[in-house]
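K.L.:
quick one, what's the 3D model for this:
(4 chains)
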There are 2 protein chains.
Amino acid sequence: MKVILYLHDLYIEFAEYHYMLKQERHQLILRKLKSNRKVLSAHLSTELDVSEDTIRRDLKELEVKHLLYKVHGGALPLENKIQTYNERSVSDLDKKSKIAKKAVKLIHDGQVIIMSGSTTNLELAKIIPLKINATVFTYSIPIAMQLSLHPSIEIIFIGGKLNKSAQVTVGIDVVNSISSIRADICFMGTGGIDINRGMTEPDWEVAHIKKYMIQASDHVVAMCLSTKIMKAKRYLVVPIQNIDTIISDYEASNEIFKEFKDKGLIII
Amino acid sequence: MKVILYLHDLYIEFAEYHYMLKQERHQLILRKLKSNRKVLSAHLSTELDVSEDTIRRDLKELEVKHLLYKVHGGALPLENKIQTYNERSVSDLDKKSKIAKKAVKLIHDGQVIIMSGSTTNLELAKIIPLKINATVFTYSIPIAMQLSLHPSIEIIFIGGKLNKSAQVTVGIDVVNSISSIRADICFMGTGGIDINRGMTEPDWEVAHIKKYMIQASDHVVAMCLSTKIMKAKRYLVVPIQNIDTIISDYEASNEIFKEFKDKGLIII
DNA sequence: AAATATTGAGCAAAAAAACGCAAAAAAAAT
DNA sequence: ATTTTTTTTGCGTTTTTTTGCTCAATATTT
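P.N.:
Here you go, the predicted model:
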C-alpha cells in the first residue's frame, strides 16, 4: 500500500503507510462487535486512530444500514435490542373497541358462542354486559381470563398445544374439540375479507381452525378492521357466502360494502 | 485478554476492557431477573460495580418500558404482577417454594410432564431452568402463562369447562384428554396424604381428574405441605402405593415419613 | 416507638453527542 | 495537469446524558 503526498511543489511517496478507508473501518467495527458483543466509541477511536467524531459517524451510518444499534458510549448488536412497550402495544385499539361495541349487541342470553383469539375479541370480552348469561368457547388464554371476571358466563376452554406468543392453543386437538361443538354464533377476528377471495388468514393453522369454527356455528360474524376490507391473505378460511355478518369500524352505509350487501350479507 | 482482528493484510490488536454500557446493564438485569425471579438493588450495585442510584434509575427505566416492576429494595418480573390477583392469599409461600426447589431437580430434558393446578406447581413452573427442554401438560391457566415465558418448554393445555376462581379447567373433557396421555412424571399438589387413607382431595371433581393424571404417569410425585401430612380430605384420589415420591417442606429424615419409607416411597 | 434501610430530588462533575465550520483528501471534470 | 466538486475528517463549542453524592422523606424491621 502506498500513499502519495503533495506538499507545495514537492511530491513524496510513502511506501508503507496504513491509511484506513472508511469501509475498512466499518468492517472492522462490525467484526469487533461480533466477537466482542459491543464496541465503545472511545476505544475504537484510539484503536483505529481516528477521532471520536469519525467513529460516531461510522456508527451512525451502520445503524442506518441496520447492522448495529447505537447507544450512549458505543454500539451493540441488533439482536439484543430490548423490546419496548410501544412496540408490542395493540395497534388500532380505538377502531377495535368500536367494532366490539357494535358486536356486543349480537350477544343474547342463553347463547352458545365461539370466540376466536383476536384482540378485537378481547375488547368484546371486556364489554359483555354483566347480566348476560351465555356459554363461550375459546382457545385464547387472554380472552378466557377476561371472561372469568364475568359473573355468569360459562367458559369452555379449547385445549391443545399452546402458541406462546399469541397465547392461544393450536393443533389437531383444537380442531377435534371444535368439531364436536354446535354454537349459535361465532365471533371471528380476521386477516382479510374480499368479495371474491373470501375470508383469508396469513397463518395456515389458524385458517384451518377457523374453518371448523365456522362449520360449527349457525351464525358467523366477521369482525374486520376497515384496513383489511377487500384485502386477502395467503390462506383461505371460507368463501364469502359462508359469512353472515360483517362488522367493521366503517359505517354500514359505506359504499365499499355494496357487493357484500348484494350477496345478502348483513353489514353493521 | 486481547482481541486481535485480521482484515486483509491488516492486523489490529484491541485491548480488553470492561466498561459497561447502560444497555448492557439493562440486559444483564433482565436476564438475572428472569432466572432469579427477583433482583435486589444493593446486590446489583456491587455486582455491576455502579452506585445504587444508578441501579435505581436503571430499574425505573425498565419499569417505564414495562419490562419489570419496581418494589422496595429491588424489582420483580412483570408476570408476577399479572398474577397478583392470583397470589392474593397464597399462604405458606415460603414452604411451597421450598418444595418447588426440591421438585425441580426431578425435571430433565425430554420429559413429558403433567402438572396439576396447585400454587406449589406454580412455584415450580417459575423455577424450571431455562435450558430444560420438555413437554408439559396442564389444565391451569396461571401455570400455562408462567410456562409460556420459558423459551423451550412445549405446553399442552388441557381444555374443558373453566373454573373461574381456580382458573383451571374441569369436567369430562379434561378426563378424556388426560386418558390419552402417557407421561414420564406427574407433579401433583395435594390436599392430604395419609398412610392408610391415601391421597385425598376436598373436591370430588378434582379428585377424579387427579386419579386419571396418576394413571397416565410413570412416576408420581406428590408435593405436600407438612401441615397436610397424615391428614385426609373427603375424596380418595389413589391409595398410597400408587404414589412414588413425596416432597414436603420437612427434611426427608423426619420420622413422620417412616411408614411411607417402609412402603417403598421416596421421600425428598 | 426507635432503629435501620431505601428512596426521591436536587446538584455538580464528567463523559459523550450534536452542531457548525473549515481543512484535507479523494473523485470528477475540464 | 489543473481546477472544481464532493466526501471525509478533525476541532471548538454547546447540549445532552450519565453518574455519584448529599440530604430529607419514606418505608421496613425490630
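
K.L.:
close to chain B, is stretch A:175-194?
P.N.:
Yes - counting by Cβ under 8 Å from any Cβ of the partner chain, chain B has neighbours in stretch A:175-194: A:S177. Any C-beta I mention is one placed from the backbone N, CA and C, and that applies to glycine too.

K.L.:
per-residue confidence at the residue in chain A that chain B sits nearest to?
P.N.:
Distance from chain B to each residue of chain A (Cβ to the nearest Cβ) is smallest for A:G159, at 2.6 Å. Note on A:G159: pLDDT of 93.

K.L.:
what residues are up against it?
P.N.:
Each residue near A:G159 by Cβ atoms under 8 Å, 6 or more residues apart in numbering or on different chains is listed here: A:139, A:169, A:173-174, A:177, B:139, B:156-160, B:169, B:173, B:177.

K.L.:
and stretch A:29-43, does that touch chain B?
P.N.:
Yes - contact of stretch A:29-43 with chain B (Cβ under 8 Å from any Cβ) involves A:31-32, A:35-36, A:38, A:40, A:43.

K.L.:
and that stretch, does that touch DNA strand D?
P.N.:
No - using Cβ under 7 Å from any atom of the strand, stretch A:29-43 stays clear of DNA strand D, with a minimum separation of 11.7 Å.

K.L.:
got the CA positions of that stretch in CSV?
P.N.:
Extracted in CSV, the C-alpha atoms of stretch A:29-43 (Å, rounded to 0.1, in the frame of the first residue of the first chain):
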residue,chain,number,x,y,z
ILE,A,29,-16.2,-2.3,13.7
LEU,A,30,-18.7,-4.9,12.7
ARG,A,31,-16.2,-7.7,13.2
LYS,A,32,-15.2,-6.4,16.6
LEU,A,33,-18.9,-6.1,17.5
LYS,A,34,-19.5,-9.7,16.5
SER,A,35,-16.6,-11.1,18.5
ASN,A,36,-16.9,-8.7,21.5
ARG,A,37,-20.7,-8.2,21.7
LYS,A,38,-20.1,-4.5,22.0
VAL,A,39,-18.0,-1.6,20.9
LEU,A,40,-17.1,1.6,22.7
SER,A,41,-16.6,4.8,20.7
ALA,A,42,-13.7,6.0,22.9
HIS,A,43,-11.8,2.7,22.4
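
K.L.:
any chance you could map the strands in the stretch 1-150 of chain A?
P.N.:
Assigned by DSSP state E, counting those that start in this stretch, the strands in the stretch 1-150 of chain A fall at A:3-7, A:10-14, A:39-40, A:69-71, A:74-76, A:112-115, A:134-138.

K.L.:
same check on the stretch 151-268 of chain A?
P.N.:
Under DSSP E, counting those that start in this stretch, the stretch 151-268 of chain A gives strands at A:153-157, A:160-163, A:168-170, A:183-189, A:192-194, A:198-201, A:217-223, A:235-238, A:245-247, A:266-267.

K.L.:
now these as TSV including mean neighbour count and distance to DNA strand C?
P.N.:
Output for the strands of the stretch 151-268 of chain A, formatted as TSV (neighbours: other Cβ atoms under 10 Å in any protein chain shown; distance: least, Cβ to the nearest atom of the strand, whole Å):
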stretch	mean neighbour count	distance to DNA strand C
strand A:153-157	23	38
strand A:160-163	22	35
strand A:168-170	24	37
strand A:183-189	23	39
strand A:192-194	21	40
strand A:198-201	22	42
strand A:217-223	22	41
strand A:235-238	19	44
strand A:245-247	22	44
strand A:266-267	16	50
